[in-house]
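>>> here's my sequence, what's the structure:
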Amino acid sequence: MTTTQQRPSRAVRANTLGKPISGYTWGADRALAVLRIGFGLMFLEVLIQVAYLDGSAGTWWSDLLLMAGLFGTGMALTLGFAIRLAAAAGSVLCLMMGSLLGPVTLVVLALTYAGDTWGVGRIWARLFVVAQHPILR
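Residues are numbered from 1 along each chain as shown. Predicted coordinates:
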């Protein structure tokens, strides 16, 4: 009689870094990291354009909120922390700029732990507050 080995659940299977083993290929995590960094730099570029080239777009408080959103989203995506919050804020900003593909891309980045590759996502995930509240991941 032969015994078959059961495949461990996804929660149990993990590589040596503690990151869940995903179903995508070896280079996909790097491609997602490049996409994440590119989107982060895009938000920072829009911030520079709004702040220095276009001037004021409205009242002082609306300019301040727009610049804070662009800065926070750009830094979070570029460095790889709080990707889920950055995806939510970035989706709203992309929709305000008239982009429909941007929100879809940001949701994909949030769902695939894109901040873990070439970013501080793994370190960020180990913080006590982030571990208690996964939306901060």
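>>> need phi/psi at Thr59.
Thr59 has phi and psi values of phi -80, psi 170 when expressed as degrees, to the nearest 10.
>>> what pLDDT does the model give it?
Per-residue confidence at Thr59 stands at 85 (pLDDT).
>>> for the one 5 residues further on, same thing?
Reported pLDDT at Leu64 in the predicted model: 89.
>>> swap in the one 3 residues further on?
With respect to pLDDT, Met67 has a value of 92.
>>> am I right that it is in contact with Ile48?
No - applying C-beta atoms under 8 Å, one finds Met67 not in contact with Ile48, separated by 10.0 Å. Yep, even glycine has a C-beta here, placed from its N, CA and C like the rest.
>>> tell me which of the two has more neighbours.
Neighbours were tallied for Met67 and for Ile48 using other C-beta atoms under 10 Å; the higher tally belongs to Met67 (15 against 12).
>>> which other helices and strands contact the helix or strand where that one lies?
Mapping Met67 onto the secondary structure by DSSP states H and E places it in helix 60-79. Packing partners of helix 60-79 (3 or more C-beta pairs under 8 Å, 6 or more residues apart in numbering; DSSP states H and E): helix 28-48, helix 83-96.
>>> try 10 Å this time
Contacts defined by 3 or more C-beta pairs under 10 Å, 6 or more residues apart in numbering; DSSP states H and E place helix 60-79 against helix 28-48, helix 83-96, helix 101-111, helix 121-125.
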